[in-house]
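A.B. asks: Give me a 3D structure for the following:
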Amino acid sequence: MRNISFDQCRLKALAFQTPLKMSTARGGLKISCTSSKGNSNSITFTKYQGLGNDFILVDNRESSEPKVTPEQAVQLCDRHFGVGGDGVIFALPALESSSDYSMRIFNSDGSEPEMCGNGIRCLARFVADIDGLDPQTYKVDTLAGLIQPAVREDGLVAVDMGEPIFEPALIPTTLAANTEDGKVVNAEIEVVGSRWSCSLVSMGNPHALVFSKDGEDIKVDKLPLEVIGSQFENLPIFPARTNTEFVEVVSRSYVKMRVWERGAGITLACGTGACATVVAGVLEGRIDRECTVELPGGPLEINWRESDNKIIMTGPAELVFSGEARL
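C.D. replies: Residues are numbered from 1 along each chain as shown. I've put the predicted structure just below:
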């Protein structure tokens, strides 16, 4: 059984006045409260993680408006005084008649990204688990467009992430394209006194991919990510801020990556970032279209298909625990 300490999540029994019942559920920890007092200002949630990128999942399909405000999401994501997480994800009613449901996410700082690759894997597993459905493919509306995650029998989730976007205005960036086909590849930018080679890709959200510093390939374990991450995120050349991935190429089929996520900071994994990593690596001639991206939380398998230009991301999504939190 997984253990959870009281200072990790503000549950209904936060003041230790109410006994808790705990039991394992689908490999995770289920937390429930025996109090009869009730609390209308609370929310039922389930926590999932994909390679350590952890999210608070809320079944919001009876309403088109999230049950939690951005300010409340910040409180819930606090790892000392809340549940703890990189974001709060809502399963909402579908926006299109042909879709199954829609997704919105509030980051741990209260901002709202267009999409989250690890998050949508967790969302697909969450909906499949609570609905008791067999493995299948879902059509999910997001702010980045239609995304189709497939829950597989082996427990992994494969996601059709769509096609990468390269037009500078759509990334968005104020940098001008430096290739004949309108991409920003190997552009040199200066951050904290060093010259970084950077390629830009959007997966519905912006990514800056960095493979070298001052003319030398980087070693991701030696980077002071806590110092340079926010500097990249808030560069004026990114009007909507940016996610930044620092990549070390081990072979043409295997890379190591660390990420600074816009609105969340250092995280253990980023699905859209892993996809953008492979795209940028191919554009720079460093790696193949099928590649394993090793993140601090574990590996993701990425395939940028030449046949239709779509990217398939495959990785885990696992239940951690369920509970009820005060708002």
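A.B. asks: rest of the way, CA atoms for contacts and neighbours
C.D. replies: Fine.
A.B. asks: Need the distance between the two termini of stretch 75-91.
C.D. replies: The distance separating the two terminal residues of stretch 75-91, taken as CA to CA, to the nearest Å, comes to 20 Å.
A.B. asks: now it: how far from the chain's centre is it?
C.D. replies: 13 Å (CA atoms, centre = their mean, to the nearest Å).
A.B. asks: can you pull the buried residues of it?
C.D. replies: When neighbours are counted by 16 or more other CA atoms under 10 Å, the buried residues of stretch 75-91 are found to be 75-79, 82-91.
A.B. asks: Farthest pair within these?
C.D. replies: Greatest spatial distance among the buried residues of stretch 75-91 (CA to CA): Arg79 and Ala91, at 22.6 Å.
A.B. asks: Of the buried residues of stretch 75-91, which is the nearest to Glu324?
C.D. replies: Using CA to CA, Val83 is the member of the buried residues of stretch 75-91 that sits closest to Glu324, with 9.5 Å.
A.B. asks: Relative to the whole chain's centre, how far out is the longest helix along the chain?
C.D. replies: Here the longest helix in the chain is taken by residue count, with DSSP state H as the criterion, and it is helix 117-131. For helix 117-131, the distance from its own C-alpha centre to the chain's C-alpha centre is 12 Å (CA atoms, centre = their mean).
A.B. asks: Name the residues that touch that helix?
C.D. replies: Where contact means CA atoms under 8 Å, 6 or more residues apart in numbering, the residues beyond helix 117-131 that reach it are 46, 48-51, 53-55, 57, 59, 89, 91, 103, 134-135, 138, 149-151, 157-159, 161, 269-273, 315-319.
A.B. asks: what mean pLDDT does that helix have?
C.D. replies: Per-residue pLDDT values across helix 117-131 average out to 96.
A.B. asks: Number the residues from 13 up from this point.
C.D. replies: From this message on, residue numbering opens at 13, which makes the last subject helix 129-143.
A.B. asks: The next helix or strand after it - contacts with which helices or strands?
C.D. replies: Using DSSP states H and E, the helix or strand that follows helix 129-143 in sequence is strand 152-154. Helices and strands touching strand 152-154, by 3 or more CA pairs under 8 Å, 6 or more residues apart in numbering; DSSP states H and E, are strand 113-119, strand 157-163.
A.B. asks: For Ile323, find the nearest of the ones you listed.
C.D. replies: Go through the helices and strands packed on strand 152-154 one by one with CA to CA and the one that ends up closest to Ile323 is strand 157-163, at 10.9 Å.
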